[in-house]
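# Test case, fold it:
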Amino acid sequence: MDISFSSMFFHDAPLEDIFRSPEQSGADCLEFWLETPDFWLKGLCLDELKRQVKASPTRSPLSVHAPVLDLNPCSINPDVREVSIRWIERSIELAEQIEASVCTIHPGRRTAKRPPSITDYQRLGFMLDRIERIADEVRVKIAIENMEPAVNALLTTPDEIIKVLDERSWLYFTFDYAHAVGSGPQVVSSFLDGGAGKIVNIHISGAGNGQMHGPVSSDENATPFLRELRDNRYDGQITLEINDLVLPSALSYQEKISLLKQEIAVIRKAFKGEVELTGAI
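Numbers count the residues shown, from 1 in each chain. Down below sits the predicted model:
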């Protein structure tokens with residue numbers, strides 16, 4: 001098991017600080033979000049990104065998260081759909097160039113805040129058909145993520161994920177614990193069972209106290225989940241996906257490093273059955 005964390009935790013930090021944070025925090029690797037401002041807003045310089053990756057002494061290959069913040073491959077607008085799919089393709093190619101292990105993608109959503117229709121699922125299928133051509137040419141594993149059960153979200157249930165994975169042998173699964181745990185521990189277990197053999201990354205964060213993507217130590221349900229992973233002999237990446245904006249106060253770079261150290265220690269101990277999470281931050 002490799003413990004990683006999302007670079008979005010250091011959203012406004014320079015690349016150099018982001019890529020030295022795994023060693024400082026005790027993480028094995030890093031999930032790099034392409035929408036990191038120091039990369040995204042400065043010409044997306046691949047040479048500089050490669051230099052930072054090479055200089056970072058991680059013990060395992062990093063992973064990549066494709067851009068999602070203002071893109072939507074299931075948009076009602078055909079131009080938005082096209083540019084979104086192109087960015088997914090570009091992200092996969094970039095992940096391959098920096099020798100990433102996994103590239104996580106989102107399924108998109110219905111534009112209107114209404115339940116997804118058959119047309120929205122057809123658009124999702126079209127997007128997956130497009131990127132399948134790339135999947136055959138790269139070593140990086142392309143993994144689709146389950147979404148929080150919002151009214152217009154796609155792929156929010158185990159059955160939806162299982163169907164998509166069964167139909168596409170080349171597609172892998174990034175399981176987001178926080179997106180699923182609100183529906184109950186049984187749903188979490190169903191995702192793990194349904195995605196068995198296809199899960200290559202797990203996004204973990206606390207979903208307690210009404211806040212999603214908080215510290216794992218704030219979520220008492222995380223202990224049984226980590227034990228379930230252990231019992232299932234999961235040996236892929238576990239990625240801390242903490243949103244610094246849900247924390248009680250703003251943290252400095254070093255304070256974020258300290259928090260990561262604490263959270264990584266909690267995960268390692270909980271995975272070994274050495275600690276019970278209490279739900280207290």
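# alpha carbons only for contacts and neighbour counts from here, please
OK.
# isn't Leu240 right up against Ser205?
Yes: here Leu240 reaches Ser205: they are 5.9 Å apart, a contact under Cα atoms under 8 Å.
# Centroid-nearest residue for the protein?
Centroid-nearest residue in the chain: His203, 5.0 Å away (criterion: Cα atoms, centre = their mean).
# So that one belongs to a strand, correct?
Yes: under DSSP: H, G, I helix; E, B strand; the rest coil, His203 sits within a strand.
# Quick check: it touching His179?
No: taking contacts as Cα under 8 Å, His203 lies outside contact range of His179: 9.2 Å.
# so where is the protein shaky, pLDDT-wise?
208-210, 273-281 (pLDDT under 70).
# That one: strands as residue ranges?
2-5, 31-33, 63-65, 102-105, 141-145, 172-176, 199-204, 237-240 (DSSP state E).
# Make TSV from these and add distance to Leu124 to it.
Below are the strands of the chain laid out as TSV (distance: least, Cα to Cα, whole Å):
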stretch	distance to Leu124
strand 2-5	27
strand 31-33	22
strand 63-65	18
strand 102-105	12
strand 141-145	11
strand 172-176	15
strand 199-204	20
strand 237-240	25
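# Looking at those, which is nearest to Lys50?
Lys50 lies closest, by Cα to Cα, to one member of the strands of the chain: strand 31-33, at 12.1 Å.
# Show me the contact partners of the closest one.
4-8, 62-67, 239 (Cα atoms under 8 Å, 6 or more residues apart in numbering).
# Please enumerate the helices of the stretch 101-250 of the chain.
118-135, 158-167, 177-181, 185-194, 222-231 (DSSP state H, counting those that start in this stretch).
# what's the most buried one of these?
Among these, helix 177-181 has the highest mean neighbour count (mean count of other Cα atoms under 10 Å), at a mean of 24.
# Pull the residues that contact that one.
Counting by Cα under 8 Å, 6+ apart, 146-149, 156, 187-188, 202-207, 212-213 sit against helix 177-181.
# filter the residues you listed to the buried ones?
With burial judged by 16 or more other Cα atoms under 10 Å, the buried subset of the contacts of helix 177-181 is 146-148, 156, 188, 202-207, 212-213.
# Let's have the residues you listed in a markdown table, adding distance to Asp244.
Formatted as a markdown table, these follow (distance: Cα to Cα, whole Å):
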| residue | distance to Asp244 |
| --- | --- |
| Asn146 | 22 |
| Met147 | 20 |
| Glu148 | 19 |
| Thr156 | 24 |
| Val188 | 24 |
| Ile202 | 19 |
| His203 | 15 |
| Ile204 | 14 |
| Ser205 | 11 |
| Gly206 | 12 |
| Ala207 | 14 |
| Met212 | 11 |
| His213 | 9 |
